[in-house]
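Visitor: Quick one, fold the following:
(one chain, ligands or ions: 1)
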Amino acid sequence: MFDPGKFIEEKVSELKHEIKGKAIIACSGGVDSTVAAVITSKAIGNRLLTVYVNTGFMRKGETETVEKMLKQLGLNYKIVDASNEFFAALNGVVDPERKRKIIGEKFIRVFERTARDFGADYLVQGTIAPDWIESGDRLRDTIKTHHNVGGLPADMKLKLVEPLRDLYKDEVRKVARFLGIEVSERQPFPGPALAIRVIGEATPEAVEIVREACAIVEEEIEKAAASGKMTLPWQYFAVLLPVQSVGVQGDRRAYGRTIAVRAVDSVDAMTATYSKIPHEVLEKISLRIVNEMKDKVNRVVYDITDKPPATIEWE
Ligand code: XMP
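Guide: Next up is the predicted model:
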């Protein structure tokens, strides 16, 4: 039986020995990186700098929310706005694996810069077991390169510390609850963020569309769950497809883009089943997306595939 209190105690003492000087941690505000930041700061205090990078791929209002949380947790933090750099790096890139690797590498470069300024030698990451299992090793096939694993450049100068690498998601949530971290019940959000929810090139315009669509999916599903119409899925979001289709708006022909809604139930992300969302909720989501993004999106579809054979994200 997993004991979060014992886990924290052991990790804090291990980290005290492992980290000799200063360290930085990449914190996206998600459960994994926030738990890793809080545990590491328990071990080394202000010798840890928690860095939040605004990649331009974050969810609506996310940067503001995360900053508030980092402040509340009493962490020594810095917000770095690197969105122009990330968009430039992804210019013309459509292959999902290349996208993930470019984003991973950019992250590291931004951190290296920040670490140099701070005088850090260590990079702490919130990598958990499914991240590295699915990124492949000698025994396993690469399903997808999770940005915080395969994206690491070979010449990285920082020493890597991964306090959560043996934990599964449900265990990380237990640790978060134990630490009283408010994000403990938040749904997971992938490291490459909205860039992998735009299928094809992640331009600023495309990311803006999927950001709005994700916000609508989250709002409507959370509202429906709160009013007892459905149970809250494990993860729920929107994906922008590189498919245009013919529609009609008023009496005009439209040729807009397509949003896929994805919602799944899972325990540890290794397998998942699609959520049986009531049709009235799906209808509300669809209506809001096409109304609030007139001239951009004119079709909404629901993904009814389990994992396997699909994965949770589309890229
Ligand atoms: P897949 O799509 O592989 O996703 O079924 C499993 C879980 O992992 C999240 N995910 C990521 N998390 N870095 C992360 O930290 C990544 O690169 C990444 N890609 C996917 C995904 O949202 C799901 O919860």
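
Visitor: Walking through the stretch 1-150 of the chain, point out its strands one by one.
Guide: Here the stretch 1-150 of the chain has its strands, by DSSP state E, counting those that start in this stretch, at 23-26, 48-54, 77-81, 122-124.

Visitor: Out of the ones you listed, the one nearest the ligand is which?
Guide: Closest of the strands of the stretch 1-150 of the chain to the ligand is strand 23-26, at 10.3 Å (criterion: Cβ to the nearest ligand atom). Any C-beta I mention is one placed from the backbone N, CA and C, and that applies to glycine too.

Visitor: out of the strands of the stretch 1-150 of the chain, which comes closest to Asn291?
Guide: The stretch from these with the least distance to Asn291 (Cβ to Cβ) is strand 48-54; that distance is 28.7 Å.

Visitor: for that closest one, packing partners?
Guide: In this structure, strand 48-54 makes packing contacts with strand 23-26, helix 31-44, helix 62-72, strand 77-81, helix 96-118, judged by 3 or more Cβ pairs under 8 Å, 6 or more residues apart in numbering; DSSP states H and E.

Visitor: So which residues make contact with it?
Guide: Residues from elsewhere that reach strand 48-54, judged by Cβ atoms under 8 Å, 6 or more residues apart in numbering: 22-29, 37, 40-41, 63, 66-67, 70, 75-83, 107, 110-111, 114-115, 118, 120, 124.

Visitor: Give me the sheet partners of that strand and which way each runs.
Guide: Strand pairing for strand 48-54, using DSSP bridges, gives strand 23-26 (parallel), strand 77-81 (parallel).

Visitor: quick one: it near the ligand?
Guide: No - Strand 48-54 stays clear of the ligand (Cβ under 6 Å from any ligand atom), getting no nearer than 13.7 Å.

Visitor: Let's verify Thr305: helix, strand, or coil?
Guide: The assignment at Thr305 comes out as coil when based on DSSP: H, G, I helix; E, B strand; the rest coil.

Visitor: Ile289 - that's part of a strand, no?
Guide: No - per three-state DSSP, Ile289 lies outside any strand segment and is helix.

Visitor: Contact partners for it?
Guide: Neighbour list for Ile289: Glu212, Ala213, Ile216, Ala238, Ile259, Val297, Val300 [criterion: Cβ under 8 Å, 6+ apart].

Visitor: neighbours around the third one, how many?
Guide: Ile216 has 23 neighbours, counted by other Cβ atoms under 10 Å.

Visitor: Which strands or helices does the helix or strand harbouring it pack on?
Guide: Assigned by DSSP states H and E, Ile216 belongs to helix 204-226. Secondary structure elements in contact with helix 204-226, counted by 3+ Cβ pairs under 8 Å, 6+ apart, are strand 235-249, strand 252-265, helix 279-292.

Visitor: quick one: buried residues of the last one?
Guide: When you say that, I think you mean helix 279-292. Within helix 279-292, the residues that qualify as buried by neighbour count (16 or more other Cβ atoms under 10 Å) are Val281, Leu282, Lys284, Ile285, Ser286, Arg288, Ile289, Val290.

Visitor: Looking at these, which is nearest Arg165?
Guide: Ile285 (35.9 Å).

Visitor: ok, now which ones touch the closest one?
Guide: Ile216, Val217, Glu220, Ile221, Val261, Val300 are the contacts of Ile285 under Cβ under 8 Å, 6+ apart.

Visitor: at 6 Å instead, please
Guide: By Cβ atoms under 6 Å, 6 or more residues apart in numbering, the contact set of Ile285 is Val217, Glu220, Val261.
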